[in-house]
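A.B. asks: My questions concern the predicted model and sequence given below.
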Amino acid sequence: MMQKIDTVVFDLGGVLIDWNPDFVFRHLFPDDKERKWFFDHICTPDWNEEQDGGRGIAEGTELLVKKFPAHESSIRAFYERWEEMLGGPIQGTVEILRQLTLNKNLNLFALTNWSAETFPVALTKFDFLHWFHGRIVSGEEKTRKPFPDIYEKLIARFNIIPTKAIYIDDNIRNLHPAKELGFEVIHFQNPEQLRGELLRLGLTVNR
């Protein structure tokens, strides 16, 4: 029998915040194939995740500039124009979070892969980031999802019982370690789907 849920943990980018490098790079590389090549070979997701995992932005940038000097201006644009990649809140999910805050029996946390140097920008832009009872930011912890230790830090720091908790993420890769630790997991696709999944797990979120 399912234990009563007392904790919900949210990923941020792609769930509550519409973050996308295309908001900047579609202007720098209007051609889709050229832009895809740049992200596949230069400013790759793996490179970006090193900053999320605690490497300094300056260090990460200079490593790429040294390796690809012909692309220096585009490489530097990634973090110089990083704030422009924040497309805004995903309003439907923010409303779900707001309604969950009304349930005084629920603990709400955030677990995010995010550079420690850029996260303060998000904190000033999005009030709802202050609604959580606590948060784990990968860049501050010097580790990141999907490495198990960041989930273990979350559990230990906030005294979470995984079998009474839900973890929500848009990246299915990041759900597997949480599930192995005992969390109920939701692969986020859109706010309405999330609302239905929460209802299935016993949490009522009004439309």
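C.D. replies: Great, that's in hand.
A.B. asks: Which strands or helices does the strand or helix carrying Arg76 pack on?
C.D. replies: Assigned by DSSP states H and E, Arg76 belongs to helix 72-80. Packing partners of helix 72-80 (3 or more CB pairs under 8 Å, 6 or more residues apart in numbering; DSSP states H and E): helix 22-28, helix 57-67. (C-beta placed from N, C-alpha, C; glycine too.)
A.B. asks: average pLDDT across the next helix or strand after the shortest one?
C.D. replies: It refers to helix 22-28. Counting by DSSP H and E, the next helix or strand C-terminal to helix 22-28 is helix 32-41. On average, the pLDDT along helix 32-41 is 96.
A.B. asks: I'd like the next helix or strand past helix 32-41.
C.D. replies: Moving toward the C-terminus from helix 32-41, the next helix or strand (DSSP H and E) is helix 45-52.
A.B. asks: mind listing what the residue nearest to Asn103 when sequence neighbours are not counted touches?
C.D. replies: Among residues not flanking Asn103 along the chain, Leu203 sits closest, at 7.5 Å (CB to CB, 6 or more residues apart in numbering). Shown in contact with Leu203 (CB atoms under 8 Å, 6 or more residues apart in numbering): Ile5, Val8, Leu100, Asn103, Leu106, Ile166.
A.B. asks: ditto for His130
C.D. replies: Contacts of His130 by CB under 8 Å, 6+ apart are Leu123.
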